[in-house]
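> quick one, what's the 3D model for this:
(2 chains)
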Amino acid sequence: DAGVTQSPTHLIKTRGQQVTLRCSPKSGHDTVSWYQQALGQGPQFIFQYYEEEERQRGNFPDRFSGHQFPNYSSELNVNALLLGDSALYLCASSPPGGIGGELFFGEGSRLTVL
Amino acid sequence: LAKTTQPISMDSYEGQEVNITCSHNNIATNDYITWYQQFPSQGPRFIIQGYKTKVTNEVASLFIPADRKSSTLSLPRVSLSDTAVYYCLVGDPFYNQGGKLIFGQGTELSVKP
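Numbers count the residues shown, from 1 in each chain, chains lettered A, B, ... in the order given. As a prediction, the model looks like this:
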């Protein structure tokens, strides 16, 4: 049973560019959340998707947007990249009726903005 | 959301029991306490969750006093592979399936041979 998978694992972009990160949730999971983790910091909540809609959002600008597809996979898009967007982007999924607070994380996509 | 305070780092030796304490003075009635473990360049992994008293699973124990203003994660007989960052989180896990977790700085545990 595959866990949460994310792609790409690493990527390098330049300031002003746009990036799309992809996530496939664990089998049977229907909710996907995205987190940003800067070096040496704890993960910061970006937003959560359920039933193809954004259900919760953290304190991130509109440059960060997302999408969830009918198969529950999700994308995170970041426009007009800034140097400060360099971070590990984590996707987490949870099942319907699961233990609240227990999220299953992928290994992340490491984004470097030059 | 309740803020948590935990030591920035801890050192231990293989075979010892490690206790990491987290303070959460403003914990709300609906809040649970959850601990995650994270290895370098990996996503966090759920360890344990509790509301009050003591919870134990195959990996760790979680001790929560009656006032719930603090909690202690206990790792029995640690090994080198337990070297990781440990996060204490406090929140209502049943709100929107708990997708919005608030992570602090975490405790960097270093286990030495």
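> surely residue B:88 and residue B:6 touch.
Yes: using Cβ atoms under 8 Å, residue B:88 is in contact with residue B:6, at 5.1 Å. From N, CA and C alone the C-beta is placed, and that goes for glycine too.
> quick check: neighbours shared by the two?
In terms of Cβ atoms under 8 Å, 6 or more residues apart in numbering or on different chains, residue B:88 and residue B:6 are both contacted by the residues B:20, B:22, B:104, B:106-107.
> just the residues you listed: which has the poorest pLDDT?
pLDDT across the shared contacts of residue B:88 and residue B:6 is at its lowest for residue B:104, which sits at 84.
> quick one: that one from residue A:3, how far?
Distance, residue B:104 to residue A:3, by Cβ to Cβ, to the nearest Å: 25 Å.
> among the shared contacts of residue B:88 and residue B:6, who's most crowded?
With neighbours defined as other Cβ atoms under 10 Å in any protein chain shown, the most crowded of those is residue B:106; it has 26 neighbours.
> return the residues in contact with that one.
Residues in contact with residue B:106 (Cβ under 8 Å, 6+ apart) are A:42, B:6, B:38, B:85-88.
> what's the spacing between the residue nearest the centre of chain A and residue B:43?
Centrality entry for chain A: nearest residue to the mean C-alpha point is residue A:34, 3.1 Å, by Cα atoms, centre = their mean. Between residue A:34 and residue B:43 the computed distance is 11 Å (Cβ to Cβ).
> apart from its chain neighbours, what residue comes closest to residue B:56?
Sequence neighbours aside, residue B:62 is the residue nearest to residue B:56 in space, at 7.6 Å (criterion: Cβ to Cβ, 6 or more residues apart in numbering or on different chains).
> doesn't residue B:70 make contact with the one you found?
No: at 11.3 Å, residue B:62 does not count as touching residue B:70 under the criterion of Cβ under 8 Å.
> how long is stretch A:51-64 end to end?
19 Å (Cα to Cα, to the nearest Å).
> close to chain B: what parts of chain A are there?
A:4, A:31, A:33, A:35, A:41-45, A:48, A:50, A:55-56, A:58, A:88, A:90-92, A:94, A:98-108, A:110 (Cβ under 8 Å from any Cβ of the partner chain).
> now the buried members of those.
Buried subset of the residues of chain A next to chain B (neighbour count, 16 or more other Cβ atoms under 10 Å in any protein chain shown): A:4, A:31, A:33, A:35, A:42-45, A:48, A:50, A:55-56, A:58, A:88, A:90-92, A:94, A:98-108, A:110.
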